[in-house]
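*Asks:* how would this look folded up:
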Amino acid sequence: MADRSLGDPYSRYAAVARLMMDTFSMKCFDVSYDNYQRAMTNTSWDGPASGGGWQWVYQTCTEFGFYQSTDSPNQPFGGFPLPYHVKQCAQFYNVSAEALAEAVAQTNEYYGGYDIRTTRIVFPNGAIDPWHALGVTKDLSLELPAIFIAGTAHCANMYPARGQDLPQLAQARDHIGLLLQQWLKQ
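*Replies:* Numbering: from 1, shown residues only. Okay, the predicted model is just below:
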């Protein structure tokens, strides 16, 4: 999306869509809302969103309450303001706006919000992941380290290693592995 040589934002978005379709050998994207709703409410093990899609959306409705909205005028998309996501919680999972707000407050209370009261958590963030703005990007303590990975996107550290991975991504994975080994030995 950031490669301006691909043209205007719409052309870049089309290039990303083509890349996704090629990667997954798809002929087209079914972006109908009805199909999306069916996928997000199908809880079978082999459902269309069983690989984490519906679980993630459910978790945003019952714990997190953060969404990728189009509320800002500084982006090329439209049609996905915050109320759209809140309505999905009610429509898909019968979670009202009030229940969503209560769930988020409970999650923040349980986990400490900005005052995390625990140890042995590593916080990896990719520099080009839009979510890093909500993440922990500086060490909170020796046992609450943050790993900020330049040039990487969302969850890059969680994917299997590949030969074309950036060196800093490989180093981050190694560091996370060493931390986990150290903590498990204690």
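
*Asks:* enumerate every residue touching the nearest residue to residue 112 once chain neighbours are set aside.
*Replies:* Leaving out its chain neighbours, the residue that sits closest to residue 112 by CB to CB, 6 or more residues apart in numbering is residue 118, at 7.3 Å. C-beta coordinates here come from the backbone N, C-alpha and C atoms, glycine included. Taking CB atoms under 8 Å, 6 or more residues apart in numbering as the contact definition, residue 118 lies against 111, 112, 144.

*Asks:* let's see which of those end up in strands.
*Replies:* By the criterion of DSSP state E, membership of the contacts of residue 118 in strands covers no residue at all.

*Asks:* can you pick the most crowded of those?
*Replies:* Highest neighbour count within the contacts of residue 118: residue 144, with 16 neighbours (other CB atoms under 10 Å).

*Asks:* what does the pLDDT read for that one?
*Replies:* Here, the pLDDT recorded for residue 144 equals 97.

*Asks:* then the one 10 residues further on?
*Replies:* As summarised for this prediction, residue 154 has a pLDDT of 90.

*Asks:* three-state assignment of it?
*Replies:* What DSSP: H, G, I helix; E, B strand; the rest coil gives for residue 154 is coil.

*Asks:* with adjacent residues omitted, what lies nearest to it?
*Replies:* Nearest residue to residue 154 in three dimensions, chain neighbours excluded: residue 129, at 4.3 Å (CB to CB, 6+ apart).
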